[in-house]
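> Quick check, what structure comes out for this input:
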Amino acid sequence: MKPIFTLCLLFLARWISAQTPVTAQFAHWNTASVSTTYSGTGATGNVGSGLTGDTYTYEFGPVVTTPNLYILDSFTAVGLNFHFAAPSVVKFRRVDNASVTGLRKSLWFEQNSATTVANGGIVAFRPPYDDSLERIFSSGQIFNIGIDNDFENSTNTNNNNIERVDHIIGGGVSATDGTKTGFVVFDRGNGGGHDPFYIAAIKTLDASGNPSSYYNAVSAGASNYGSDVSPAMNYITLRKNPADTRLLMMNNSATQYRDGVLLRFTDLGVPNGATIYGYSLFGMDVNVSSAANLVDYTNATNFPTGSDYANGGLDQVAVTGLWVTNASYVVLADRVTDLSAKVVGGKVQLNWALGVMDDLGRLVVERSADGVHFNSLLEFSAPLAGTQTVWDEQPLSGQDDYRLKLVDQRGEVVAYSMVSRVAVSPASAGEAFTVYPNPVAGRQLRFSGQGLPPGIYHLRVVDMDGRVLAEQGFSGGNTFSGSLSLPAGMAPGIYGLQVTNSGGGRVAVGMEKIQVVR
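Numbering: from 1, shown residues only. Below is the predicted model:
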């Protein structure tokens, strides 16, 4: 291994233990509907395929088999399950070198079988045809297509002129807990022999949306990957030179695994709450001694154009973007920004701005008294873009934490805002009563509140005819809480809530209805 690689590992030794192997992968098959068939020879150019003497029939997609596109749903690392949260826009940054000029495409596709292709035979691939590296990798979850020998410039093996790969989240993203979110890199290869690389979080973008500053680069090596976790895959490497009209075969049938390494925000040196704009990948001979060296990929001193690695370059699987354990740990800045809370005259004023709205179905304002357990306070079924202001008319005494939850039209949470905290003095806080969860599932609800004079009270659930279906007594006071079980045969629907004092009189506490679901 080259001395520069050893020196860089020593320089970044404090990071090495943080990279985490992917220990399990969960994927499903989709059926892409477009078939592609064409004739062509083997690949030409520097480091030719040796297959140019015959003409082959190339087949992709449904003409070969269905289903055909393998999609990664989630993976396990550090004992946690990470799922896809947001795509990135992937850009391959190129600099011509002595071996390759122009737009060289080097891709591998899953072969439909392990059969060696006969001279002049049929080359059959499961996935549909696509020769756009940017489009393939920006989809974020394709698990049976990838790039071959990224960052490799030498004529000793299949080569490219790619110096850096940017994975850009244009609106930015921040994490409330950087151990629960990150980026994953999968490499085609075999356990113990996967390709090393450098990765750095993008700190800022310039006016054109390109990286303008980075956090320090972090290395990942063969020992940081999982080892032969996925089922072995048959594949064939393809190449498309600028003058070619289609991808052409670079090698015959081969079999390898796809293993991954997780790089969490904390592993990349990103503080909790700091906004980043994705990440970039680099070859192992890049000068990473300063984060400033990573910006100009055309600088031959920092980005050598004759890169020659012992095992070739990174054979990255087309899995990119942001991966999280739970959407509550990340904030996508292009979704929601600038949530602020302040106490005004005993009430809490909440202000925020919304960005991307295309798929949103609901916005929920949530409140918490402990910063951990959040309950719905307000809900908007048709949220508006731009700046919004709402009021919490009955804040809780003491610490109040607020956040926004964005729900798409399928009912799935797509983003949370950062948490905004205020302190409300007891003199400012009035009566308050909260029931949660609402809607109620599982026949069990809990309630809490404040500001009721000492005494015995009753919480009642009533139907639309006023009949009491469930009731629970509790003691009032500065703060109070309890739980209530709903009858097993209670039908889903909307029900009324009543709070009464010891004399049977109604107490107005602001909560009037609940929804019961199965």
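> Which residue ranges make up the domains of this protein?
3-324, 335-430, 433-518 (automatic domain parsing).
> Adding mean pLDDT, write these out as JSON lines.
Supplementary listing: the domains of the chain in JSON lines, determined by pLDDT from 0 to 100:
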{"stretch": "domain 3-324", "mean pLDDT": "92"}
{"stretch": "domain 335-430", "mean pLDDT": "80"}
{"stretch": "domain 433-518", "mean pLDDT": "80"}
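> Which strands border the host helix or strand of residue 82, and is each parallel or antiparallel?
Applying DSSP states H and E as the criterion places residue 82 in strand 80-86. Strand 80-86 sits in its sheet next to strand 69-77 (antiparallel), strand 322-324 (antiparallel), going by DSSP bridges.
> Kindly compare burial across the domains of the chain and name the winner.
domain 3-324 (a mean of 19; mean count of other Cβ atoms under 10 Å). Heads up, the C-betas are built off the backbone N, CA and C, glycines and all.
> and it, how far out from the chain's middle?
In this view, domain 3-324 has its centroid 17 Å away from the chain centroid, taken as Cα atoms, centre = their mean, to the nearest Å.
> do the same with stretch 453-466
For stretch 453-466, the separation from the chain centroid amounts to 44 Å (computed by Cα atoms, centre = their mean).
> and that stretch, C-alpha only, in CSV?
Extracted C-alpha coordinates of stretch 453-466, given in CSV (Å, rounded to 0.1, in the frame of the first residue of the first chain):
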residue,chain,number,x,y,z
PRO,A,453,-57.7,24.5,41.9
PRO,A,454,-57.1,21.6,44.3
GLY,A,455,-60.0,19.1,44.4
ILE,A,456,-61.4,16.0,42.8
TYR,A,457,-62.3,16.1,39.1
HIS,A,458,-63.6,13.6,36.6
LEU,A,459,-62.6,13.2,32.9
ARG,A,460,-65.5,11.8,30.8
VAL,A,461,-65.7,10.5,27.3
VAL,A,462,-69.2,10.9,25.8
ASP,A,463,-70.8,10.1,22.5
MET,A,464,-72.8,12.5,20.4
ASP,A,465,-75.9,11.8,22.4
GLY,A,466,-74.2,12.8,25.6
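> before we move on, the earlier item: and the strands paired with strand 80-86 as JSON lines, adding distance to residue 152?
Output for these, formatted as JSON lines (distance: least, Cβ to Cβ, whole Å):
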{"stretch": "strand 69-77", "distance to residue 152": "25"}
{"stretch": "strand 322-324", "distance to residue 152": "27"}
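> Can you show me the helices along this protein?
3-11, 13-16, 133-138 (DSSP state H).
> any idea what sits nearest residue 491, other than its immediate chain neighbours?
residue 516 (7.6 Å; Cβ to Cβ, 6 or more residues apart in numbering).
> Return the list of strands paired to the longest strand that the chain contains, each annotated with direction.
The longest strand of the chain (DSSP state E) is strand 162-175. The sheet places strand 162-175 alongside strand 89-94 (antiparallel), strand 276-282 (antiparallel), strand 330-332 (antiparallel), with pairing taken from DSSP bridges.
> Tabulate the ones you listed in CSV, adding columns for distance to residue 407.
Compiled in CSV, the strands paired with strand 162-175 are given as follows (distance: least, Cβ to Cβ, whole Å):
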stretch, distance to residue 407
strand 89-94, 25
strand 276-282, 25
strand 330-332, 14
